[in-house]
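Engineer: Curious how this folds, go ahead:
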Amino acid sequence: MLDNVLGPKGSILRPLYMTDRVSISDDVERTREVPDGPLRKAITKWWTKQYSRKEACHFREQLWLPEIKRAALQRCVRDGDLFIEHVFDDGPYGFRVQIIEPERCPVELNQGAIPARSRVDVYVSMGIGYDQHMRPTAYYFRDKEGDVRLAGGTRLRRVPAERITHIYARDLGEDQRRGLPWVTVALLRAKMLAGLEDAAITKAKSAAEQGGFYEQQGADGFIGDQVDRDDNEVLIGRANEFQQVPTGFELHQIKSDWPRDWAAIEKWNLRAVASGWGIAYFFLAQDYESINFSAGKLGILDEREMWCGLQEWWAREMEVPHFEIALGEALASTGIPGPNDQLLGPADFELLRDVEFQGRRWPSVEPDKEWSANQRRVAMRETSVPELIRARGRDPFEVAQEAAEWEELLAEFGLSMAVPDLSAQSSAVPEDDPEPTNEPGSEPTEDDDEDEYANEE
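Structural biologist: Numbering: from 1, shown residues only. Presented below is the predicted three-dimensional model:
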C-alpha cells in the first residue's frame, strides 16, 4: 500500500511555472510560453533539500518530510483518519507540523459532554466542533494541559480548525464526520476465513492424533483425569493413546470429511477479501499458478489505476495543502532563494503555488509491445511524446534538458548518440540455418534414423 501510493521516494514535486520567450523568424516576432527552468529548480531545491530536513519541517525534530508523509498515510490506512497540526513557531521557516493520533480525538465527545461554560462551538460531534453551517471550527484532543475539562476529569485541548488538516476518505458522503479503517470492508470475511483455518487445522490435528477407548463391562465406577465445575469426572484425550470410557456411557464420534475441498473454500474467501480491498486476488494470495499471463496483466493494470486514484486523493488531502502553507510562511518569514540571486517574497506566492505532485509509476508489463504501439500512436498523431513522458511520471522539460546535457557530455568525449538498428539484424535468418518446415514428408523417418546410425558405425 505505502509503496504503491508514495513510492520509494514519496510524491515528487512538479512546479508548473512558465515564462515568455520571444523569437524572431522571417522578421516576425513571436512570443510563446516555455517552462521557467531556473525558477522550477529553485523551488524544487528548497522543498526537497531545505524544508524537508527534520529540524525545518517536524515540530519535534525527529522525522524528515518523506517520513512524515509515510507515517501519516500509514496511520490513515490503519485507523481511518489522521490529524496534522500546523505549528507556527521559531523554526527555520516559521512553520512545522506534528502528527496527532486519531485516538486522541474522542469519537464519543458530543455536544452534551462539554460543560455549558466551556462551549464555544455551535455543535460538537465525534470530537469536532462545527458552526451553524456544519463547517469545522475546532478539534478537541486529549491533553493533560488542555483548557476544557469534562465531567469525569478528562482535559481536552481545543485547536482551531485552521490549524488542523483532517485527512480521511469520505466514502459515506459529505455528512461523514470521521474516517473508517480501509480494511473494514473485508474484516468480516477475513475473520470468517481465520475461523475456517483454525477449524481445519484442529480437524486435521485431531485426525492425525486419533487414539481409542476401552469400555469396561460391569465396572462399579470410573476415575477420570480431573473433575469439572459440577464435580463430574472428566477424561482428557491424548494423542495415540487408548483410554477407558466411563461406565454406562458409549463413545459416539461425529464423523465428517470436511474440509473436502479446502483450497476452493480458501480461494473463494480470499477473492472476496481482495475485491473489498481493491487489489488483485493473485497478489493477495500469492496464487500465480492459477492464472495465465493475460489474466495477470489485466489484474496488474486494473490495480495500478486504483493506485493512481489514491495518489491523486493523497495529493489533494496532504501534499498540496502542506506545500501551500509551508510556502506562504517561508516567503513571509525568511524568503526563498530564487534564480539570479533573487530573494522570493510574499508577492510571489500566487505564482509559486502553481505546482502538482507526481506519484510513482511502474515499469511496463510488456515493454517491447508498448514501445511499438506508442510509436504508431505518435505517428498517427493520436498522442505526443510529452504525453507519453508524463504517463511515465516524468516531466518532459526535465527529460529534454537531461538529453541535451547528455549529448553535450558525450560530445566532450568524442562519442555519439547514434543507436544501431537492431530490428533488422534480429529479424534476419542466416542462410546456413534455414527455418524448419512443416510440409508433409519433412519429418525424419525411422529409415533415416537407421541409415544415420549405420553411417556413424
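Engineer: In the protein, where is pLDDT below threshold?
Structural biologist: 24-27, 113, 115-118, 145-147, 151-152, 209-228, 230-260, 418-457 (pLDDT under 70).
Engineer: Longest helix in it, please.
Structural biologist: Assignment by DSSP state H gives helix 184-208 as the longest helix of the chain.
Engineer: Show me what it is packed up against.
Structural biologist: helix 262-277 (3 or more Cβ pairs under 8 Å, 6 or more residues apart in numbering; DSSP states H and E). No exception for glycine: its C-beta is placed from N, CA and C like everyone else's.
Engineer: Tell me the buried residues in the helix it packs on?
Structural biologist: Within helix 262-277, the residues scored as buried using 16 or more other Cβ atoms under 10 Å are 265-266, 269-274, 276-277.
Engineer: Pick the one among those closest to Leu73.
Structural biologist: Trp277 (15.5 Å; Cβ to Cβ).
Engineer: Quick check: that closest one touching Val185?
Structural biologist: Yes - with contact defined as Cβ atoms under 8 Å, Trp277 reaches Val185; the gap is 7.3 Å.
Engineer: which residue sits closest to Cys308, ignoring its sequence neighbours?
Structural biologist: Gly359 (6.7 Å; Cβ to Cβ, 6 or more residues apart in numbering).
Engineer: correct me, but that neighbour touches Leu13?
Structural biologist: No - contact criterion Cβ under 8 Å: Gly359 and Leu13 do not qualify, at 11.7 Å.
Engineer: Compare those two (neighbour count), which wins?
Structural biologist: Gly359 (21 against 18; other Cβ atoms under 10 Å).
Engineer: Give me the phi and psi for the more buried one.
Structural biologist: Backbone geometry at Gly359, expressed as degrees, to the nearest 10, gives phi -80, psi 170.
Engineer: got a list of what it touches?
Structural biologist: Gly359 is in contact with 5-7, 11-12, 307-308, 311-312, 314-315, 393, counting by Cβ atoms under 8 Å, 6 or more residues apart in numbering.
Engineer: Of those residues, which belong to strands?
Structural biologist: Ile12 (DSSP state E).
Engineer: and the contacts of Gly359, which are buried?
Structural biologist: 5-7, 11-12, 307-308, 311, 314-315.
Engineer: Check these against Ala138 and report the nearest one.
Structural biologist: Closest to Ala138, out of all of the buried ones among the contacts of Gly359 and judged by Cβ to Cβ, is Trp314, at 25.0 Å.
Engineer: Give me the neighbour count for Asp143.
Structural biologist: Neighbour number of Asp143 under other Cβ under 10 Å is 16.
Engineer: ignore the last one, Met192
Structural biologist: 13.
Engineer: Start at 392, not 1
Structural biologist: Renumbered: residue one is now 392, and that last one reads Met583.
Engineer: residue contacts, the nearest residue to it once chain neighbours are set aside?
Structural biologist: Distance criterion Cβ to Cβ, 6+ apart; nearest residue to Met583, sequence neighbours excluded, is Asn660 at 6.5 Å. Asn660 is in contact with 580, 583-584, 587, counting by Cβ under 8 Å, 6+ apart.
Engineer: can you tell me which of the residues you listed lies nearest to Glu494?
Structural biologist: Relative to Glu494, and with distances defined as Cβ to Cβ, the nearest of the contacts of Asn660 is Arg580, at 25.5 Å.
Engineer: so that closest one makes contact with Ser666?
Structural biologist: No - Arg580 is not in contact with Ser666 according to Cβ under 8 Å; the separation is 9.3 Å.
Engineer: buried set for the helix or strand where Pro712 lies?
Structural biologist: Pro712 is part of helix 711-724 when elements are defined by DSSP states H and E. Neighbour-count burial for helix 711-724, with 16+ other Cβ under 10 Å as criterion, is recorded at 711, 713-714, 716-722.
Engineer: same check, this time on stretch 688-700
Structural biologist: Those would be 690, 694, 698-699, for stretch 688-700 by 16+ other Cβ under 10 Å.
Engineer: Include distance to Asp472 when you put the residues you listed into CSV, please.
Structural biologist: CSV is the format used below for those (distance: Cβ to Cβ, whole Å):
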residue, distance to Asp472
Gly690, 30
Glu694, 24
Trp698, 20
Cys699, 22
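Engineer: List the residues that contact the closest residue to Ile491 other than its chain neighbours.
Structural biologist: Excluding its sequence neighbours, the residue lying closest to Ile491 (Cβ to Cβ, 6+ apart) is Phe474, at 4.0 Å. Contact analysis of Phe474 by Cβ under 8 Å, 6+ apart lists 490-493, 495-496, 530, 532, 555-558.
Engineer: Of the residues you listed, select the buried ones using a ChimeraX command.
Structural biologist: This is how ChimeraX selects the buried members of the contacts of Phe474, with burial counted by 16+ other Cβ under 10 Å:
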select :490,491,493,496,530,532,555,556,557,558
